[in-house]
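Novice: Predicted coordinates and the sequence they were generated for:
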2 protein chains.
Amino acid sequence: MYKNQNKFMLEAIRLSKENIDNGGGPFGAVIVKNGKIIATGVNKVTVNNDPTAHAEVNVIREASAVLKTFDLSGCEIYTSCEPCPMCLGAIYWAHLDKIYFGNTKIDAKNIGFNDTFIYDEIMLPIAKRNLPTVQIMSEKAIEAFVKWEKKEDKTAY
Amino acid sequence: MYKNQNKFMLEAIRLSKENIDNGGGPFGAVIVKNGKIIATGVNKVTVNNDPTAHAEVNVIREASAVLKTFDLSGCEIYTSCEPCPMCLGAIYWAHLDKIYFGNTKIDAKNIGFNDTFIYDEIMLPIAKRNLPTVQIMSEKAIEAFVKWEKKEDKTAY
């Protein structure tokens, strides 16, 4: 059981370790389609000065480029650590079929990464979050959605 | 009140409308530092075949490139729509000071975008989510975190 799955996870883990030597965070991920790895990703937040460059975001961007589509249905992701809310959101938008993960968000917290704080924040109503968040100009903003609704030749997702 | 804020939000809204004409989704965002717009972003999911290319992710990547840092403390984001969980996570990781938004996630749902579903999913325990999610090989995965803990010259974030 889990023989192939273990092989793919081992590669995600190998990448997570290798990335430490390359100056990045201890996170790696691979995306698999039809039993083959089609893309790999590692955490490049500090190396690329990009706070969105987590392993899962990077591997999703890579797999989408390889397959030339924003819809990764039929693919699975193997990530060395449970996805943070940003990465979990990305996984839903990409329509991946299944997540395999190694370490948990608690493991990540224990070595200084803030995943659990962000999970806690997202679950709160806007007014109760630490991050000040204000709605303004809703009557103007809605004009774009009305325009979108009226457009006939649009690409939805 | 909100005079400058309205000006910045108007630019985010203008970008959200313009992006429809360019084949993208109806979403725009700007990041402001010291009273000036330092970066802009629009939704390029379908145009770039990149499910992570929401306006907020794009504007964060742009601002980080402009300022050459992964830490956007001291900056504020103006987004034409309430951030989805992916983008909200990105905003936390970027350490932005404040969020101004125009449309709500309910407005987005009403024109066919899936933000509320993803919010609902993220709040559920893993075992109750629609997306199958399995932990495997934790005893191997943790090796990367142990290695990270032992490293002395690392860049944390």
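Specialist: Structure's in. What do you need? Residues are numbered from 1 along each chain as shown, chains lettered A, B, ... in the order given.

Novice: does the closest residue to residue A:37 other than its chain neighbours have beta-bridge partners, and which?
Specialist: Among residues not flanking residue A:37 along the chain, residue A:30 sits closest, at 4.8 Å (C-beta to C-beta, 6 or more residues apart in numbering or on different chains). Every residue, glycine included, has its C-beta placed from N, CA and C. Applying DSSP bridges to residue A:30 gives these bridge partners: residue A:40, residue A:78.

Novice: contacting residues around residue A:30?
Specialist: Contact analysis of residue A:30 by C-beta atoms under 8 Å, 6 or more residues apart in numbering or on different chains lists A:8, A:11, A:12, A:15, A:37, A:39, A:40, A:41, A:59, A:77, A:78.

Novice: Relative to residue B:142, how far out is it?
Specialist: 18 Å (C-beta to C-beta, to the nearest Å).

Novice: Next: residue A:63.
Specialist: 26 Å.

Novice: between the two, which one's more packed in?
Specialist: Neighbour count, other C-beta atoms under 10 Å in any protein chain shown: between residue A:63 and residue B:142, residue A:63 has more, with 26 against 20.

Novice: who touches the closest residue to the more buried one other than its chain neighbours in this structure?
Specialist: Take residue A:63 and drop its neighbours on the chain: the residue closest to it by C-beta to C-beta, 6+ apart is residue A:39, 3.8 Å away. Taking C-beta under 8 Å, 6+ apart, we find residue A:39 in contact with A:30, A:31, A:59, A:60, A:62, A:63, A:65, A:66.

Novice: Narrow the residues you listed to those that are buried.
Specialist: A:30, A:31, A:59, A:60, A:62, A:63 (16 or more other C-beta atoms under 10 Å in any protein chain shown).

Novice: pLDDT score for the first one?
Specialist: Read that as residue A:30. Listed pLDDT for residue A:30 reads 98.

Novice: again with the last one
Specialist: The per-residue pLDDT reported for residue A:63 equals 98.

Novice: Please look at it and residue A:38 and confirm they touch.
Specialist: Yes: taking contacts as C-beta atoms under 8 Å, residue A:63 lies within contact range of residue A:38: 5.6 Å.

Novice: Pull out the buried residues from stretch A:132-140.
Specialist: Neighbour-count burial for stretch A:132-140 [16+ other C-beta under 10 Å]: A:133, A:136, A:137, A:140.

Novice: What lies in contact with that stretch?
Specialist: A:126, B:2, B:5-6, B:9-10, B:13, B:82, B:97-104, B:107.

Novice: Please, where are all the helices along chain A?
Specialist: Using DSSP state H, the helices of chain A run over residues A:3-21, A:45-48, A:55-67, A:85-93, A:105-110, A:115-123, A:138-150.

Novice: tell me the angle the longest one makes with helix B:138-150.
Specialist: Helix A:3-21 and helix B:138-150 meet at an angle of 0 degrees, taking axes from the mean of the first three to the mean of the last three C-alpha atoms, to 10 degrees as the criterion.

Novice: Could you give the separation of helix A:3-21 from the chain centroid?
Specialist: Relative to its parent chain, helix A:3-21 has a centroid offset of 17 Å by C-alpha atoms, centre = their mean, to the nearest Å.

Novice: Please tell me how far the spatially most central residue of chain A sits from residue A:58.
Specialist: Closest to where the C-alpha atoms of chain A average out (C-alpha atoms, centre = their mean) is residue A:87, at 2.2 Å. Separation of residue A:87 from residue A:58 (C-beta to C-beta): 10 Å.

Novice: All set now, cheers.
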